[in-house]
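1. The sequence isn't on hand, but the structure is:
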């Protein structure tokens, strides 16, 4: 009774910091700052009508054919190739500049044609896409190093466009085949 | 002179911790606001493949997700082990994709529609067949900007 007469005493706020810290640590731990990353690609628009595309104007030597079968094996330009050699192979092809008459005329004309089976595993497909992207990235880096003394990713938008014009990334994906299930 | 001397002789006062709770609360609110609790329960296996040539996915509000993979273990009794597509919170078929894209577009501002990206999160053990079907549907729906979700390869 005597206590009440004293009047309401103030709540001790000394432990407020501890409580707040506890909550803070909880949110710190649960927060995942993971940014979604991935390979960005652009799909070709659907053709207006189902017409056979005329590829005849593209010389066969300018096309680098990469086939992946349902056993995840690669057939590149009619030869077996291990995935580890694909990057080097693609680079030589793109940067041929007419040295080898059987290979591409110049990087602007070079096209990589990728075709996979329905039974190909997604992991292999991504690896192939990654190797091809890496081939282009390395070529662009080399070119921008020579021209501007910087890596491609450090260039300004305009400079990047210039390098991109020199090495356009042309990866064409054919309609999938269904051979081995 | 004596005025200054007096000051120097004074004991240095302890740092006041009275504003500490305020600072901590500020941090707390920051983390509370930035924390995103996962809205969708993922019902398919998601062990993403690794790649080195990755790009960050910008503007999360403009991204729609398509998950593909075989159902997680506790779902396998009901749905089997065959790879399936998950849109939002439910399993779907390839035919549901155009509808999903339309719904996603309708939820966004009209002028943001061209910048919309579809992130395809595929389990690495999936066969390409179903992925190809999804890609064809996306082409038909004219959702051409895609992103194959991958993790950064550890060198």
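-> Okay, I see it. Model, not experiment: these values are computed from the prediction.
2. Give the bridge partners for the residue nearest in space to the middle of chain A, please.
-> Centrality entry for chain A: nearest residue to the mean C-alpha point is residue A:39, 3.1 Å, by Cα atoms, centre = their mean. Beta bridges link residue A:39 to residue B:148, judged by DSSP bridges.
3. okay, it: pLDDT?
-> Here, the pLDDT recorded for residue A:39 equals 85.
4. mind listing the strands for chain A?
-> Ranges of strands in chain A, per DSSP state E, are A:37-42, A:63-68, A:74-76, A:79-81, A:111-116, A:171-173.
5. Would you map the helices across the chain?
-> Picked chain A for this. Under the criterion DSSP state H, chain A contains helices at A:2-5, A:16-30, A:83-94, A:122-148, A:157-166.
6. try again with chain B
-> Assigned by DSSP H, chain B shows helices spanning B:2-9, B:20-34, B:76-79, B:97-106, B:128-140.
7. right, is stretch A:154-163 up against chain B?
-> No. Contact of stretch A:154-163 with chain B (Cβ under 8 Å from any Cβ of the partner chain) is absent, the minimum separation being 13.5 Å. The way it works is simple: take the backbone N, C-alpha and C, and place the C-beta from them, glycine included.
8. Now do the same for that stretch: mean pLDDT, whole number.
-> 85.
9. So what touches it?
-> Around stretch A:154-163, the neighbours that count as contacts under Cβ atoms under 8 Å, 6 or more residues apart in numbering or on different chains are A:140, A:143, A:144, A:147, A:148, A:150, A:152.
10. Serialize those residues to JSON lines and add fields for neighbour count.
-> As requested, the contacts of stretch A:154-163 are exported to JSON lines (neighbours: other Cβ atoms under 10 Å in any protein chain shown):
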{"residue": "A:140", "neighbour count": "21"}
{"residue": "A:143", "neighbour count": "18"}
{"residue": "A:144", "neighbour count": "23"}
{"residue": "A:147", "neighbour count": "13"}
{"residue": "A:148", "neighbour count": "16"}
{"residue": "A:150", "neighbour count": "13"}
{"residue": "A:152", "neighbour count": "21"}
